[in-house]
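Novice: the following block contains a protein sequence and its predicted model.
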Amino acid sequence: MCNACKRCTRGGTAVLFFITEARSAVSIFRKVCGVVKLLVGNTIVLCFCFLFLFVCCFLQLLLLGFCCSKRRTRSRQRTFVCRNDSRPRIAAMKSPIVGSLLATSVAVACTSCAATAGDWEKILLPTRNGTAVCLDGSPGGYYLRANEASKDWILFHQGGGWCGSPDNCASRALTDLGSSVNWGPTYTDVYEGSAMFDTPPFDEFNVAYAMYCDGGSWSGNIDVPYNGTAANISVLHYRGRPLLDTLLDDLFENRGMDSAETVVYSGCSAGGLTTYLHADYIAERVHDVSSNASVLAVADAMFSMEHNDVTDQPHFQPIMQWGYEAWNSSASVNTDCQEYYSQNGTDDGWRCMFGQHASMFVKTPTFIINSK
């Protein structure tokens, strides 16, 4: 700090110097704030971060007071200089410049904590006369963490597997992965995407966490509800693709994503497959409203392979074959992939429900995260 003192002058240099010091503290304590947020919630973490950063910045000022003193140079101008002795110079704390720096530190601390501790809002989507709904017919939705100061976005898809038969889908419709009836008031997940959302620079992005309730990686597109199921559900709605369109319409028309500069399209597990299936479509929709936006994809898991399980029995193949037809997913998977596997009169488009195949046709820049 003393080397920096030698460069400090009466004007803006001192302010810029201190802002830099305060921001370095912010980068460290944001991680502390993130941990506290998981434990005690957003309201308390805001107060905690503000107090913690304020104390840190005050200590920096105190150190500045000990390290530096004011004296008059030959030109009679006041300046900060470092002393080689160890005598405290608290008088520097009385400087108007130092006072302004303290105010700046408070502003930096407040702004940074607010960005980290943004509140999540649950948003239920319009059902569009029952055409954009979850498996049980309830409205789809997502959790939004908005930051009006940012034009950067994350659209993240929740994971949760797939349903592989009418009875299985009916059972799923009684859970949070097939119905929005019991969704909580705020985002609480601590696994999928949570570390990404709280890590700089993503902690200042707008985040839309799309809840998964169609059972088919947002690919279903059956106009007429399916009847004759079990598990106390008489009707099933395979409406993943209309849900996706309704989600995008709401983000563009009501949440400000139409002016996005960066969009990170991502998901985990079944949401990872959703990323492969729809990345190019999402990029197209984004560029329709924000032509210069950068669209990137992050597929977390589900680079799924089309092969048998450890007992040499097919496991996912029958599920995806059934779902591709039952959900009417042909128009929702990656178009190039579907066309490739439907050549020569064959209809093997169901293979595009595997990350192994779908990823080969994704044009959008994609970062793949997957275990061996």
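Specialist: Good, I have the coordinates. In this text the structure is predicted, and so the values were computed from the model without any measurement. Residues are numbered from 1 along each chain as shown.
Novice: so which residues make contact with stretch 326-335?
Specialist: Outside of stretch 326-335, the residues within contact range by C-beta atoms under 8 Å, 6 or more residues apart in numbering are 166, 216, 218-222, 226, 238, 240-241, 276-280, 323-324, 338, 349-350, 352-353, 358, 361-362. Using the backbone N, CA and C atoms, a C-beta is placed for each residue, glycine as well.
Novice: restricted to helices, list the residues you listed.
Specialist: Members of these lying in helices (criterion: DSSP state H): 166, 240-241, 276-280, 323-324, 338, 358.
Novice: picking that back up, please indicate which of the contacts of stretch 326-335 are buried?
Specialist: 166, 216, 218-222, 226, 238, 240-241, 276-280, 323-324, 338, 349-350, 352-353, 358, 361-362 (16 or more other C-beta atoms under 10 Å).
Novice: wait, doesn't Phe354 sit right on Ser304?
Specialist: Yes: at 4.8 Å, Phe354 counts as touching Ser304 under the criterion of C-beta atoms under 8 Å.
Novice: any residues in contact with both of these two?
Specialist: With C-beta under 8 Å, 6+ apart, Phe354 and Ser304 have common neighbours Phe316.
Novice: the stretch 101-250 of the chain: strands as residue ranges?
Specialist: Counting by DSSP state E, counting those that start in this stretch, the segments of the stretch 101-250 of the chain that form strands are 120-124, 141-145, 152-157, 206-210, 226-227, 235-236.
Novice: now the fourth one: mean pLDDT?
Specialist: Confidence for strand 206-210, expressed as mean pLDDT, is 98.
Novice: quick one: contacts of it?
Specialist: Contact with strand 206-210 is made by 120, 142-147, 150, 152-158, 187, 189, 193, 197, 218, 247, 251, 255-257, 267, 271, as judged by C-beta under 8 Å, 6+ apart.
Novice: show me this protein divided up by domain.
Specialist: Domain segmentation of the chain under automatic domain parsing yields 2-116, 120-369.
Novice: for those, which has the smallest mean pLDDT value?
Specialist: Of all the domains of the chain, domain 2-116 has the smallest average pLDDT, which comes to a mean of 46.
Novice: show me the contacts for Asp245.
Specialist: By C-beta under 8 Å, 6+ apart, the contact set of Asp245 is Ala132.
Novice: relative to Trp350, how far out is it?
Specialist: Using C-beta to C-beta, to the nearest Å, we find Asp245 at a distance of 22 Å from Trp350.
Novice: could you do Glu284 as well?
Specialist: Using C-beta to C-beta, Glu284 is found at 23 Å from Trp350.
Novice: do Asn227 as well
Specialist: Distance from Asn227 to Trp350, by C-beta to C-beta: 24 Å.
Novice: and for Gly164?
Specialist: As judged by C-beta to C-beta, Gly164 and Trp350 stand 12 Å apart.
Novice: need the residues touching each of the two.
Specialist: Common neighbours of Gly164 and Trp350, counting by C-beta under 8 Å, 6+ apart, are Gly323.
Novice: look at the residue lying closest to Pro314 once chain neighbours are set aside and say how many residues are nearby.
Specialist: In this structure, Pro314 finds its nearest non-sequential neighbour in Asn308, 5.5 Å apart by C-beta to C-beta, 6 or more residues apart in numbering. Neighbours of Asn308 under the rule other C-beta atoms under 10 Å: 12.
Novice: surely Gly161 touches Ala270?
Specialist: Yes: assessed by C-beta under 8 Å, Gly161 is found in contact with Ala270 at 5.5 Å.
Novice: and these two? Which one has more around it.
Specialist: Higher neighbour count among Gly161 and Ala270: Ala270, with 23 against 15, using other C-beta under 10 Å.
Novice: the more buried one: what's it in contact with?
Specialist: Applying C-beta under 8 Å, 6+ apart, the residues near Ala270 are 157, 159-162, 212, 217, 302.
Novice: now it, nearest residue through space, not along the chain?
Specialist: Sequence neighbours aside, Gly159 is the residue nearest to Ala270 in space, at 4.5 Å (criterion: C-beta to C-beta, 6+ apart).
Novice: burial check on the one you found, number of neighbours?
Specialist: Other residues lying near Gly159 total 23 when counted by other C-beta under 10 Å.
Novice: kindly report the same for the one 4 residues further on.
Specialist: Cys163 sits with 26 neighbouring residues when counted by other C-beta under 10 Å.
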